[in-house]
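Trainee: the sequence and its predicted three-dimensional model are supplied below.
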There are 2 protein chains.
Amino acid sequence: MATMHDVARLARVSVSTVSYVLTGTRPISQATRDKVLAAMAELDYQPNAMARGLASRRSRILGLLMPMDERGLGATETAFVTGAAAAASAAGYHLVLSPVGGGDLDDLRRLASQRMLDGVVLMEVQLADERVTVLQEAGVPLVLIGRTGDTSTLSYVDIDFDQTVRDAVAHLVGLGHRRIVYVNHSAATLASGYGPALRTRDAFVAAMTGHGLEPVMIPAEDSAAGGRAALAAAFARAPELTAVLAMNETAIFGILGELTGRGLSVPDDVSVVSMVTSTQVAELATPALTAMTSPGSALGRIAIEALLRHLDGPGDQRHQQLLPCALEIRGSTAAPRRPTLVTSRPSSIDGG
Amino acid sequence: MATMHDVARLARVSVSTVSYVLTGTRPISQATRDKVLAAMAELDYQPNAMARGLASRRSRILGLLMPMDERGLGATETAFVTGAAAAASAAGYHLVLSPVGGGDLDDLRRLASQRMLDGVVLMEVQLADERVTVLQEAGVPLVLIGRTGDTSTLSYVDIDFDQTVRDAVAHLVGLGHRRIVYVNHSAATLASGYGPALRTRDAFVAAMTGHGLEPVMIPAEDSAAGGRAALAAAFARAPELTAVLAMNETAIFGILGELTGRGLSVPDDVSVVSMVTSTQVAELATPALTAMTSPGSALGRIAIEALLRHLDGPGDQRHQQLLPCALEIRGSTAAPRRPTLVTSRPSSIDGG
DNA sequence: CCGCTTCGTCGAAGCGTTTCGACGATCATG
DNA sequence: CATGATCGTCGAAACGCTTCGACGAAGCGG
């Protein structure tokens, strides 16, 4: 493995000159630069990442911290990761994914204090997230995907849940639906302060109320069985429902199964819209799902770009940005068979 | 950020003594050790990863190289990653996931030559995989998940496809099925030398032949539409089929949809077994799928442990191991409604 | 033609560890 | 009691790079 010394000797220049050629920190004449580059090529020189990191106090490694729980990465998260990796690579940085779970806060502290990461992007942020505190205390530049409760001081990129829900509801209302049920994540997830679940809940209430409609909401466990149970509960609460809006990507397959089981057809009897979903998953179902497609790879790219700006620029800038999901209409939504003409008279249904 | 010097000064010992306490390379008296540990605790000392890496020529970072294509990580891959991360963490190593695609071979070469990774685990290996060559040339210790065509010189962990297919077929045959169709990955995937597709194909032929049955095989694109098309093709080729064995986790939802669309019930009219699947995905379907569950997290753990042995021990050892998937019986398999009693008379169906 | 920048290059001092050789002190051995 | 081992510790030399100060050469205005 050739070192900078070898390159310098072969090119008959000093080590520092080789370094300047590599980093561009100081001007180097074209003639010298050519000699050095030729020597590098001849020796197949690759700078040693550790030495470079030690001397420059910059590892050129960015961390993407994602809790890897049982349910795996969906296509959405994957798009996010690839978008981030591409952006990092374009800037000459490596992106490493660290599967730090919720439990290993000490692990995280250690990782952060070891000066191995120039900065991190934190995924799946909770409204109150200790990981954020740990990283801030360690002085690691930080960009969030998602938001904590208090967003004032941090940089983040997130999905514009408010806009997304509004668009989804508008699509259904535009088709003539009036009795729309929102299937969210589980009650436990809501209670744990999972931002997307809470924000979509509020957005759904706002959107429905804005149309003069009653917001009916049902929580569902993250499983097909949970989806089936949720649909049963939905019919119990709102027997006349004609449309389901589902946030829970896992439960949605149970919802579809249960609809079929009840002899109801999608979209003729009930329309279904899937929220924050990838194209791939939407097309797995039969019929393919009308869905709000999440801007996965754009989110990843933007997060990394913001992080890089943190590293270079002066400290105090923040980047806060929301991106909506795009409505992609497929086969699971249509006008209701018997449009409810009642628009504003509240029924016995109560919001939940 | 406290350094080793600070710790040494506070504990009134030399830096090297601090280092020996940390690494255990040389014996240190209990009294000195206590002084040093106290000083570390007081200063909240964390060793600098870069400096340590430079001096010891060991980064204590292992790479998990996974091509991240459009279709995302399934629960299987995720289990794999978490198993690997846990094993690495237990040994005091960091595990970084590098989403190196197929295209960026130069990227890989750079990554390997930068001496940032002590060793790597390579996922999604093709029968002929250039990445293996690149890594070997760079002299990076290597363990594969999956196998190349020539396995003689490498360490690997892989699923025992032969055993898995045999078990799946035995389950169906035991229920009384005779006309079993195998839905594999796409023809293009087969042609590209994707090991699991090729190995399961051969194993299916062997298993069916062993039972005196005709092996019927259909390729399917990795999509729900691909699954539907494959099922149509299967019925065209084998009208009397009573069971489907599917390797293609994405296509299987299309298969189920198409069966329902044809008015056939699962498992009464047709039994379905999903190969190399996670419990989570198997339970998404209605009815829940009888599946061969992949030993994801065990694979990850074993791969990392083998890699660590490579790093410590003398170079020449190999670790080659196959793990079968476990049969988990759920609602998608049952005895055929009209068991075919013909056992060995070849029909017009041709394998392939 | 002189002093002043600016340009291009060099040497050397780090960066924070590990690791090697050395060296008292302690201890069993003959 | 002299003689090696063994144990515990130290100082210093790497590890391969970046970066700072310095300095000769070249270019410029006056």
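Mentor: Perfect, thanks for sending it.
Trainee: can the host helix or strand of residue A:303 be said to contact DNA strand D?
Mentor: Under the criterion of DSSP states H and E, residue A:303 resides in helix A:296-312. No - Helix A:296-312 stays clear of DNA strand D (C-beta under 7 Å from any atom of the strand), getting no nearer than 12.5 Å. Where C-beta positions appear, they are placed from N, C-alpha and C, glycine not excepted.
Trainee: is there proximity between that helix and chain B?
Mentor: No - Helix A:296-312 does not reach chain B (C-beta under 8 Å from any C-beta of the partner chain); its nearest approach is 9.7 Å.
Trainee: check which helices and strands that helix sits against.
Mentor: Applying 3 or more C-beta pairs under 8 Å, 6 or more residues apart in numbering or on different chains; DSSP states H and E, one finds that helix A:296-312 contacts helix A:75-90, strand A:119-122, strand A:142-145, strand A:155-159, strand A:320-323.
Trainee: isn't residue A:181 right up against residue A:214?
Mentor: No - Residue A:181 is not in contact with residue A:214 according to C-beta atoms under 8 Å; the separation is 10.1 Å.
Trainee: which of those two has more residues huddled nearby?
Mentor: residue A:181 (26 against 20; other C-beta atoms under 10 Å in any protein chain shown).
Trainee: domain ranges for chain A?
Mentor: Using automatic domain parsing, the domain parsing of chain A gives A:4-47, A:61-159+A:296-324, A:161-294.
Trainee: ok, which stretches of the stretch 201-350 of chain A are strands?
Mentor: Along the stretch 201-350 of chain A, counting by DSSP state E, counting those that start in this stretch, strands occupy A:216-219, A:243-246, A:271-277, A:290-293, A:320-323, A:326-328.
Trainee: could the ones you listed go into a markdown table alongside mean neighbour count and distance to DNA strand C?
Mentor: Listed next are the strands of the stretch 201-350 of chain A as a markdown table, based on neighbours: other C-beta atoms under 10 Å in any protein chain shown; distance: least, C-beta to the nearest atom of the strand, whole Å:
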| stretch | mean neighbour count | distance to DNA strand C |
| --- | --- | --- |
| strand A:216-219 | 23 | 48 |
| strand A:243-246 | 27 | 50 |
| strand A:271-277 | 26 | 43 |
| strand A:290-293 | 25 | 46 |
| strand A:320-323 | 15 | 33 |
| strand A:326-328 | 15 | 47 |
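Trainee: out of those, which comes closest to DNA strand D?
Mentor: Counting by C-beta to the nearest atom of the strand, DNA strand D lies closest to strand A:320-323 out of the strands of the stretch 201-350 of chain A; the figure is 29.9 Å.
Trainee: which neighbouring elements make contact with the closest one?
Mentor: strand A:155-159, helix A:296-312.
Trainee: buried residues in the longest one?
Mentor: Taking 16 or more other C-beta atoms under 10 Å in any protein chain shown as the neighbour-count basis, helix A:296-312 is seen to contain the buried residues A:296-297, A:299-308, A:310.
Trainee: one more: stretch A:199-217?
Mentor: So, applying 16+ other C-beta under 10 Å, buried residues of stretch A:199-217: A:199-201, A:203-205, A:207-208, A:211, A:213-217.
Trainee: what separates that stretch from the chain centre, distance-wise?
Mentor: 23 Å (C-alpha atoms, centre = their mean, to the nearest Å).
Trainee: could you give the average pLDDT over it?
Mentor: Averaging pLDDT along stretch A:199-217 yields 96.
Trainee: same check, this time on stretch A:44-55
Mentor: 95.
Trainee: chain center to that stretch: distance?
Mentor: Its chain's average C-alpha position is 33 Å from that of stretch A:44-55, according to C-alpha atoms, centre = their mean.
Trainee: same check, this time on stretch A:78-89
Mentor: With C-alpha atoms, centre = their mean, you get 11 Å for stretch A:78-89.
Trainee: over to stretch A:173-192?
Mentor: Taking C-alpha atoms, centre = their mean, one finds the center of stretch A:173-192 at 20 Å from the center of the full chain.
Trainee: re the thing from before, can you tell me which of the buried residues of stretch A:199-217 is closest to chain B?
Mentor: residue A:200 (21.7 Å; C-beta to the nearest C-beta).
Trainee: counting contacts, what elements does the host helix or strand of the closest one pack onto?
Mentor: With secondary structure defined by DSSP H and E, residue A:200 is part of helix A:195-210. With contacts taken as 3+ C-beta pairs under 8 Å, 6+ apart, helix A:195-210 sits against helix A:161-175, strand A:180-184, helix A:187-191, strand A:216-219.
Trainee: okay, that helix in CSV with CA atoms only?
Mentor: The C-alpha trace of helix A:195-210 is given here as CSV (Å, rounded to 0.1, in the frame of the first residue of the first chain):
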residue,chain,number,x,y,z
GLY,A,195,-44.9,12.3,15.2
PRO,A,196,-46.4,11.1,11.9
ALA,A,197,-49.3,9.4,13.8
LEU,A,198,-50.0,12.4,15.8
ARG,A,199,-49.7,14.9,13.0
THR,A,200,-51.8,13.0,10.6
ARG,A,201,-54.4,12.6,13.3
ASP,A,202,-54.7,16.4,13.8
ALA,A,203,-54.5,17.0,10.1
PHE,A,204,-57.3,14.6,9.5
VAL,A,205,-59.6,16.3,12.0
ALA,A,206,-58.8,19.6,10.5
ALA,A,207,-59.4,18.5,6.9
MET,A,208,-62.6,16.7,7.6
THR,A,209,-63.9,19.6,9.7
GLY,A,210,-63.0,21.9,7.0
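Trainee: kindly calculate the angle that it makes with strand A:271-277.
Mentor: Interaxial angle, helix A:195-210 versus strand A:271-277 (axes from the mean of the first three to the mean of the last three C-alpha atoms, to 10 degrees): 140 degrees.
Trainee: between helix A:195-210 and strand A:180-184, how many degrees?
Mentor: 170 degrees.
Trainee: which residues touch the nearest residue to residue A:322 once chain neighbours are set aside?
Mentor: Nearest non-adjacent residue to residue A:322, counting by C-beta to C-beta, 6 or more residues apart in numbering or on different chains: residue A:160, 3.8 Å away. By C-beta atoms under 8 Å, 6 or more residues apart in numbering or on different chains, the contact set of residue A:160 is A:322, A:323, A:324, A:325.
Trainee: so where is the stretch 101-250 of chain A shaky, pLDDT-wise?
Mentor: A:101-103 (pLDDT under 70).
Trainee: and the residue of it closest to DNA strand D?
Mentor: residue A:118 (12.5 Å).
Trainee: count the residues that sit near that residue.
Mentor: 21.
Trainee: need the residues that contact the helix holding residue A:200.
Mentor: A:125-127, A:146-148, A:158-159, A:161-162, A:164-166, A:169-170, A:180, A:182, A:184-185, A:189-190, A:214-215, A:217, A:245, A:247, A:275-276, A:351.
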